[in-house]
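**Q** curious how this folds, go ahead:
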Amino acid sequence: MLQVPGRVLVYLPRDPTVRFLLTSTVFLTATFAASSARSDDVTPAPRRPRRDATEEPTTAERTTRREHGDESAEPKAATQRASREDASRREDEPPLAERSSTAPSDKRTPMADAPPKVEPREPVSPPPSEPAPTLARAGLVVPTNTNGHRGTFVFGSYGRVLAASDAAGRPARDSDIVAYGSRVDAVNYVELELRREDHWEATGIDTRIVSTLAIGNSIFHHNGVFDAQVAVRNLYLEAMNLGHRGLSAWAGSRMYRGDDIYLLNFWPLDNLNTMGAGLRFEAPTHTIAQLHIGFGQPDSPFYKQRASRPSPLNQFGAATIDLLDRQRWIGSARLEQPIRFGEKVGMKLVAYGEAHRLPAGERETARDGVFEAVPAEAGFVVGGQLGAWTGERNSHLNVFVRYAGGLAAYGEFATPSSLGVDRTTSGARELQVAFGGNYELGRFAVMAGGYLRSFRNASRALDASDVDEGSVIVRPQVWFRDWLGIGVEGGYQLQQRGTLVVPEEGGSPAPIVATMPRFAVMPFISPAGRGSFSRPMMWLIYSAGFRDAGARALYPVDDPFRTRAVEHFFGVGAEWWFGSSSYGGTLQ
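**A** Below is the predicted model:
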């Protein structure tokens with residue numbers, strides 16, 4: 001329990017990590033709220049012409065005085081009236097330190113033009129009855145702006161919330177049989193982003209500090225457990241225009257990715273979660289080059305082994321040491337060249353690659369004191385993207401191709417299994433081909449997405465982890481009014497595993513081939529207006545999936561998904577995004 005000055009009691013969970021993250025979130029939110037309150041006064045208002053001392057007050061001024069309770073008679077002496085008018089004008093204007101700032105902006109890059117010029121004036125404190133419009137309301141002290149520096153806090157978020165049930169009254173589950181299926185039954189998830197954007201007049205450099213806190217399923221109001229799954233998804237500093245316009249650098253921890261396929265909730269080419277640093281340069285020709293290097297160590301025996309050993313110097317007890325302790329490093333390079341055909345229509349070409357490396361190590365076997373060598377690992381990714389757009393209402397098409405080999409074929413957080421005869425991942429490989437697009441015309445829109453994936457692990461023999469799979473989804477939508485419409489989604493999923501199973505009806509062993517058509521109807525409300533990517537949005541969802549015998553065989557015995565050939569899904573949900581640096585910049 002945290003006692004806050006005043007009469008507020010805040011109850012915090014016992015877990016120290018959750019306590020720290022929640023306390024930090026409250027602190028950052030208070031900072032942003034105070035900064036937003038301050039933004040109303042930071043832009044200097046147009047100054048009215050100074051009136052002659054003998055001129056009578058206007059009707060609007062007399063009305064304003066009456067509204068503020070000043071019903072005293074006008075002084076007869078013109079000099080007294082002018083003196084009081086000048087003092088009132090000084091009280092209405094914010095202090096100089098506040099008038100030198102800019103209002104908060106949702107733009108991804110801070111404004112680089114010069115700060116507004118104002119005539120120096122002695123700061124006048126607000127009357128005691130009116131609290132100062134500064135961060136002092138949040139208990140913070142802000143240094144006075146004296147060198148042309150401008151900065152602002154920006155809040156952004158992505159989130160989705162879903163309350164749903166199946167036909168039997170059970171909580172609804174994600175029923176996809178492939179890695180990237182329909183997102184209509186995606187679980188609850190939210191990201192809260194707070195970033196600081198600054199322009200430093202002394203150097204001409206713009207910076208931004210991005211912190212993103214993610215909260216996953218489950219929700220307290222559903223399970224009654226006052227706890228949360230939290231993760232820090234972004235925590236980095238980026239500096240832009242470093243000596244040359246278009247050159248930027250960043251360092252920290254971040255989601256580092258390119259274009260996605262919305263319907264599949266899938267980034268098919270470049271999608272890294274990394275701790276490291278990177279460079280980005282955008283040339284006058286709009287060519288964009290990016291380089292990055294980062295590190296990661298998943299919580300897995302493949303990367304780390306801990307053991308207990310006697311404490312040194314004959315001390316009581318034992319100490320825990322790391323016998324195997326290695327981390328993967330990943331380097332990536334991306335080159336993008338847009339090509340425009342007129343003012344709106346264009347296309348882009350993207351070339352992409354990754355290099356993965358894991359050093360050798362040593363681990364203890366099941367026999368105490370007996371060690372074995374762990375070989376080094378390596379991997380690579382090569383791929384490309386072709387994109388095109390019309391420049392009208394988010395209409396576009398992207399096609400992706402990606403090939404990964406060795407360690408990179410398993411993914412950055414996966415634990416490699418089924419190794420080769422040399423006990424490495426050198427024989428693993430993965431090939432992906434994907435597309436995603438959107439077209440809008442009048443009150444009609446259609447979104448589509450799909451992919452094919454083939455994965456083989458490092459072992460020569462086929463097993464259950466070797467998989468060929470694919471999915472395709474089409475979602476036409478129509479708007480009855482600018483804020484009301486309906487969408488219909490149809491999809492087909494297929495998967496084949498590299499293992500032989502005797503069919504239930506008998507016969508020779510054969511690979512498992514699973515299929516699942518899906519259908520959904522989604523009436524929706526879109527307060528922001530028409531558009532496939534217009535958010536926020538609320539919807540009702542009915543979905544039905546049809547599993548064949550192969551699809552049902554993918555689930556354990558007594559799992560309801562193994563016994564039900566048809567899966568019904570009823571739900572109500574919402575989705576939003578705004579001001580997020582992780583989803584293509586500032587989204588509107």
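
**Q** for the helix or strand harbouring S332, packing partners?
**A** Following DSSP states H and E, one finds S332 within strand 328-341. With contacts defined as 3 or more C-beta pairs under 8 Å, 6 or more residues apart in numbering; DSSP states H and E, strand 328-341 has these neighbours: strand 271-282, strand 288-296, strand 345-358. All C-beta atoms are positioned from the backbone trio N, CA, C, and that covers glycine.

**Q** those strands into CSV, with extra columns for distance to L554, mean neighbour count and mean pLDDT?
**A** As requested, the helices and strands packed on strand 328-341 are exported to CSV (distance: least, C-beta to C-beta, whole Å; neighbours: other C-beta atoms under 10 Å; pLDDT from 0 to 100):
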stretch, distance to L554, mean neighbour count, mean pLDDT
strand 271-282, 25, 18, 97
strand 288-296, 29, 17, 97
strand 345-358, 29, 18, 97
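
**Q** neighbouring strands for the strand holding S332, and are they parallel or not?
**A** When sheet partners are counted by DSSP bridges, strand 328-341 sits next to strand 288-296 (antiparallel), strand 345-358 (antiparallel).

**Q** by mean pLDDT, flag the weakest helix or strand of this protein.
**A** The helix or strand of the chain with the lowest confidence, counting by mean pLDDT, DSSP states H and E, is helix 96-99 at a mean of 36.

**Q** list the buried ones in the helix or strand that comes right after that one?
**A** The helix or strand immediately downstream of helix 96-99 is strand 150-165, counting by DSSP H and E. For strand 150-165, burial by neighbour count (16 or more other C-beta atoms under 10 Å) applies to 150-162, 164.

**Q** just these now: which is nearest A448?
**A** Distance to A448 across these (C-beta to C-beta) is lowest for R160, with 20.5 Å.

**Q** ok, that closest one - contacts?
**A** R160 is in contact with A186, N188, Y189, V190, G573, A574, E575, W576, counting by C-beta atoms under 8 Å, 6 or more residues apart in numbering.

**Q** pull out the buried residues from those.
**A** Buried among those by 16+ other C-beta under 10 Å: A186, N188, Y189, G573, A574, E575, W576.

**Q** so what's W329 up against?
**A** I293, G294, F295, H356, R357, L358.

**Q** same question for H396.
**A** By C-beta under 8 Å, 6+ apart, the contact set of H396 is G387, A388, W389, T390, G437, N438.

**Q** again, 10 Å this time
**A** Residues near H396 by C-beta atoms under 10 Å, 6 or more residues apart in numbering: D259, G346, M347, G387, A388, W389, T390, G436, G437, N438, Y439.

**Q** for those residues, which one is nearest F561?
**A** F561 lies nearest to G436 out of these, by C-beta to C-beta, at 27.4 Å.

**Q** just send the strands paired with strand 328-341 back as TSV, with distance to F546 too.
**A** Listed next are these as TSV, based on distance: least, C-beta to C-beta, whole Å:
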stretch	distance to F546
strand 288-296	39
strand 345-358	37
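
**Q** nearest to F371, out of the ones you listed?
**A** strand 345-358 (18.3 Å).

**Q** how about the closest one as CSV, C-alpha atoms only?
**A** The C-alpha coordinates for strand 345-358 follow below in CSV (Å, rounded to 0.1, in the frame of the first residue of the first chain):
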residue,chain,number,x,y,z
VAL,A,345,1.0,6.9,-57.3
GLY,A,346,4.3,5.1,-56.5
MET,A,347,6.1,1.9,-55.7
LYS,A,348,9.0,0.8,-53.6
LEU,A,349,11.7,-1.9,-53.7
VAL,A,350,13.2,-3.3,-50.5
ALA,A,351,16.3,-5.5,-50.0
TYR,A,352,16.8,-7.0,-46.6
GLY,A,353,19.3,-9.3,-44.8
GLU,A,354,20.3,-10.5,-41.4
ALA,A,355,23.3,-12.3,-40.0
HIS,A,356,23.0,-14.4,-36.8
ARG,A,357,25.9,-15.6,-34.6
LEU,A,358,26.0,-17.6,-31.3
